[in-house]
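Undergrad: model the structure of this input:
(2 chains)
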Amino acid sequence: MTVLPVRARRAPAALVAGGTLAAALVVLAVVAPLLPLPDPNAGDLTARLLPLGTPGHPLGTDGQGRDLLARLVVGTRPSLIAGIVPVLVSGALGTALGIAAGMGARALENLIMRSLDVLFAFPSVLLAIAIAASLGASLASLVVALSVILVPAVARVVYAETAGLRSLDFVQTARASGAPAAVIALRHVLPNVLPAVAVYCSALVGLSIVVGAGLSFLGLGVAPPQAEWGAMLNDLRQNLFSNPSLALAPAIAIFLASAVFNVLGEGLRAWFDVTSRWSQ
Amino acid sequence: MSAPEDTPLLEIEHLSVTFGAAHAVRDVSLRLDPGGTVVVLGESGSGKSVTARSVLRLPGRRASVRGRIRLAGCDLFALDEKAMRQVRGRDIGFVPQDPNSSLDPLRRIGTQVEEVLQVHGAVADRRARRARVAELLALVGIPNPARTARSYPHELSGGMRQRVVIAMAVACAPRLIIADEPTTALDVTVQAQVLDLFTTLQRELGTALLLVTHDVGVAAELAADVVVMYAGRIVERGPAAAVLTAPAHPYTAGLLGARPRPGLRRGELAAIPGGPPPATEVVDAACAFAPRCGRAEPACSATAPELRDVGPGRAAACLLPIAPLQEVGA
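TA: Numbering: from 1, shown residues only, chains lettered A, B, ... in the order given. You can find the predicted model right below:
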């Protein structure tokens, strides 16, 4: 076993940057309605399609004359909900399924993993569209659809981690000392797979934001006139040829939010690498 | 489980374990008296670990097991999983090979020892359980037990970790300890300490010990009954003093000759030619060691030798056993 150099646990830069920005996004989503902004849903047909930098409308206005800055800021909340909630749901569900498959009897393992393979076999975006469409356009159905398509991915990661842990001596020792499967799963396996789950899930938030925005773009997310980044892009699509620069703001917002959570995931990975890889 | 005095603590009868086409353990029988010690000796792949783990009914995921194992007269293969869990840890303590990986890296060692007491409801009161953990750690020779209980595995040396694992194994005062290569991952000096610890614990707690090793020195040190395994079968058994000084089976003799000793000059260390057969290719109707055996005759490849008495308390599975008192390697 190599001795790790004694040093203060300094968080990697990616973790600091990703964590700070992600926290800032969440705060923005929470306080958005309180900010001194114009009503995001109030259109002014005399002020349609104003360009970027117009006094009073720094990001311009859309085809109905609604202030794009206000819509962008207010749209943070549904966009983040579509990004984070499905990952929390599928993270919990996928972890439970992955551990059950990794530790359970062969029959249970096959039942869980082969069922997930069926989900995998569908193109995930198509599956999400089908689910969201059949539930009707709303933020809730968007969350359900995204949760379903993310479960197999999380479950597979957790299953692989669990299968690796299962053969490790400390799990064997726990079994040999008579610990029931539930005790082993909760006390030994779960804490040891959590770092991997956290890393994978924080990166999935980025994906979920993008796919969520995509579904909203298709009209399967929030109901109009509520603002959401993907839905905003859809609204601005009609004017894409006359006023292309207006669509930049929501597009960049989607990209940046997704990037922030990917950086956070990378930071977590680096962080756990230093502190949780124990011996050798 | 109560049993008359003359019942052996552990009785393995005709144990066979297969993994698909691989026949890891073939018709192994052995017995261990209460408080006694048996050392199972063999190379990697000889089936010794699988035999030991079968006693805990943890031979591996794909294993299919035949035969019978009785603990103090109780048929372990007849127990349901819940009852078997009670046996594990309470009646049988297990010490795995590598102390570097046999403790959960994320949990304090005190908590891990405590868990064994907890799952068996050995000590109900939390404070008393903590105190018991400290006692156990002191019992296995860990200095400053109350403080060490709060440390994480990576803060301890390999020898100390193995002591913690042994503390877990003896936590519920089991009647049998199964140790699978408990000294292999340790430094030679620490190996002796750990073996001493086993002997001391056996004396103090009256526990029987089934120890699996490839190290002839370990078997000699514990001066126990020795069971030598090759290709899934027992090839020789008897008291260590006799078996390790005057082996009857050519394989045992080969193991002893292949053991580095001080004063041995270059070229004098005798390796056994070839390697053990893969567990998928061992045939039932021949001696598995014959292809590597210097004494083999045509008959050896045509009949599987049974274990036969070759001396007081000794048996060997060889058609042409080495005569008693013949010098090893001479």
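
Undergrad: mind listing the helices for the chain?
TA: Let's take chain A. For chain A, the helices defined by DSSP state H cover A:13-31, A:68-74, A:76-103, A:106-121, A:124-135, A:139-166, A:169-176, A:181-183, A:190-217, A:229-237, A:248-276.

Undergrad: switch to chain B, that's the one I care about
TA: Here chain B has its helices, by DSSP H, at B:48-55, B:81-90, B:109-119, B:126-139, B:145-148, B:158-170, B:188-205, B:216-222, B:240-243, B:250-257.

Undergrad: so the second one versus helix B:48-55, what angle?
TA: With axes from the mean of the first three to the mean of the last three Cα atoms, to 10 degrees defining the directions, helix B:81-90 sits at 120 degrees from helix B:48-55.

Undergrad: next one: helix B:81-90 to chain centre, how far?
TA: Between the centre of helix B:81-90 and the centre of its chain there are 20 Å (Cα atoms, centre = their mean, to the nearest Å).

Undergrad: go on, stretch A:26-42?
TA: Here stretch A:26-42 is found 22 Å from its chain centre; the criterion is Cα atoms, centre = their mean.

Undergrad: do stretch B:201-219 as well
TA: With Cα atoms, centre = their mean as the basis, the mean position of stretch B:201-219 lies at 8 Å from the chain mean.

Undergrad: how about stretch A:128-148?
TA: Chain-centre distance of stretch A:128-148: 15 Å, with Cα atoms, centre = their mean.

Undergrad: with only the CA atoms kept, save it in PDB.
TA: The C-alpha atoms that make up stretch A:128-148 are tabulated as PDB, following Å, rounded to 0.1, in the frame of the first residue of the first chain:
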ATOM      1  CA  ALA A 128     -39.200  10.400 -23.800                       C
ATOM      2  CA  ILE A 129     -41.300  12.000 -26.600                       C
ATOM      3  CA  ALA A 130     -43.700   9.100 -26.500                       C
ATOM      4  CA  ILE A 131     -44.100   9.200 -22.700                       C
ATOM      5  CA  ALA A 132     -44.400  13.000 -22.500                       C
ATOM      6  CA  ALA A 133     -46.900  13.100 -25.400                       C
ATOM      7  CA  SER A 134     -49.100  10.400 -23.900                       C
ATOM      8  CA  LEU A 135     -49.100  12.200 -20.500                       C
ATOM      9  CA  GLY A 136     -50.000  15.500 -22.100                       C
ATOM     10  CA  ALA A 137     -47.800  18.600 -22.300                       C
ATOM     11  CA  SER A 138     -46.800  19.800 -18.800                       C
ATOM     12  CA  LEU A 139     -43.700  20.200 -16.700                       C
ATOM     13  CA  ALA A 140     -44.700  17.100 -14.600                       C
ATOM     14  CA  SER A 141     -45.000  14.800 -17.700                       C
ATOM     15  CA  LEU A 142     -41.600  16.100 -18.900                       C
ATOM     16  CA  VAL A 143     -40.100  15.200 -15.500                       C
ATOM     17  CA  VAL A 144     -41.700  11.700 -15.700                       C
ATOM     18  CA  ALA A 145     -40.500  11.100 -19.200                       C
ATOM     19  CA  LEU A 146     -36.900  12.200 -18.400                       C
ATOM     20  CA  SER A 147     -36.900  10.100 -15.200                       C
ATOM     21  CA  VAL A 148     -37.900   7.000 -17.100                       C
END
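
Undergrad: quick one: A:Val89 and A:Ser147 touch, right?
TA: Yes - at 4.1 Å, A:Val89 counts as touching A:Ser147 under the criterion of Cβ atoms under 8 Å. Quick note: C-beta positions are derived from backbone N, CA and C, even for glycine.

Undergrad: number of residues surrounding A:Gly136?
TA: Using other Cβ atoms under 10 Å in any protein chain shown, A:Gly136 has 10 neighbouring residues.

Undergrad: ok, it - contacts?
TA: Applying Cβ atoms under 8 Å, 6 or more residues apart in numbering or on different chains to A:Gly136 gives no contacts.

Undergrad: coming back round to it: relative to chain A, which of the helices of chain B is closest?
TA: Checking the helices of chain B against chain A by Cβ to the nearest Cβ gives helix B:81-90 as the closest, at 3.3 Å.

Undergrad: where does the chain have low pLDDT?
TA: Reading this off chain A. Filtered on pLDDT under 70, chain A yields the residue ranges A:1-9, A:274-280.

Undergrad: actually chain B
TA: Within chain B, the ranges that satisfy pLDDT under 70 run B:1-5, B:324-330.

Undergrad: now the strands for it?
TA: Along chain B, the stretches classed as strands by DSSP state E are B:10-19, B:22-32, B:37-41, B:63-71, B:74-75, B:92-95, B:176-180, B:208-213, B:225-230, B:233-239, B:308-311, B:314-316.

Undergrad: nearest to chain A, of these?
TA: Of all the strands of chain B, strand B:92-95 comes closest under Cβ to the nearest Cβ, at 3.5 Å.

Undergrad: report the contact partners of residue 70.
TA: Here I'm looking at chain A. With contact set as Cβ under 8 Å, 6+ apart, A:Ala70 has these partners: A:37-40, A:227.

Undergrad: if you could check chain B rather than the one you did, that'd help
TA: Shown in contact with B:Arg70 (Cβ under 8 Å, 6+ apart): B:8, B:10-11, B:13, B:76.

Undergrad: those residues also near chain A: which ones?
TA: Among those, none lies close to chain A by the criterion of Cβ under 8 Å from any Cβ of the partner chain.

Undergrad: dump those residues to TSV, plus distance to B:Leu156 and neighbour count.
TA: Below are the contacts of B:Arg70 laid out as TSV (distance: Cβ to Cβ, whole Å; neighbours: other Cβ atoms under 10 Å in any protein chain shown):
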residue	distance to B:Leu156	neighbour count
B:Pro8	36	18
B:Leu10	31	23
B:Glu11	37	18
B:Glu13	40	14
B:Leu76	33	21
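
Undergrad: what's the closest of the residues you listed to B:His23?
TA: In terms of Cβ to Cβ, no member of those lies closer to B:His23 than B:Glu13, at 17.5 Å.

Undergrad: list the beta-bridge partners for that closest one.
TA: Note on B:Glu13: beta-bridge partners by DSSP bridges are B:Arg68.

Undergrad: picking up where we left off before, need the strands of chain B in a markdown table (columns: distance to A:Ser134).
TA: Below are the strands of chain B laid out as a markdown table (distance: least, Cβ to Cβ, whole Å):
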| stretch | distance to A:Ser134 |
| --- | --- |
| strand B:10-19 | 47 |
| strand B:22-32 | 50 |
| strand B:37-41 | 62 |
| strand B:63-71 | 46 |
| strand B:74-75 | 56 |
| strand B:92-95 | 53 |
| strand B:176-180 | 55 |
| strand B:208-213 | 59 |
| strand B:225-230 | 62 |
| strand B:233-239 | 63 |
| strand B:308-311 | 75 |
| strand B:314-316 | 73 |
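
Undergrad: most packed of those strands?
TA: Counting by mean count of other Cβ atoms under 10 Å in any protein chain shown, strand B:92-95 has the highest mean neighbour count of those, with a mean of 28.

Undergrad: same for it, what does it pack against?
TA: Applying 3 or more Cβ pairs under 8 Å, 6 or more residues apart in numbering or on different chains; DSSP states H and E, we find strand B:92-95 packed against helix A:169-176, helix B:158-170, strand B:176-180.

Undergrad: quick one: B:Gly257 and B:Ala270 touch, right?
TA: Yes - using Cβ under 8 Å, B:Gly257 makes contact with B:Ala270 at a distance of 4.0 Å.

Undergrad: for the closest residue to A:Val197 other than its chain neighbours, grab the count of nearby residues.
TA: Closest residue to A:Val197 apart from its sequence neighbours, by Cβ to Cβ, 6 or more residues apart in numbering or on different chains: A:Thr95 at 5.6 Å. A:Thr95: 25 surrounding residues under other Cβ under 10 Å.

Undergrad: who touches A:Thr95 in this structure?
TA: Counting by Cβ under 8 Å, 6+ apart, A:Thr95 touches A:154-155, A:158, A:190, A:193, A:197.

Undergrad: up against chain B, what does the stretch 51-200 of chain A have?
TA: Residues of the stretch 51-200 of chain A lying close to chain B (Cβ under 8 Å from any Cβ) are A:106, A:168-170, A:172-180, A:183, A:187-188, A:191-192.
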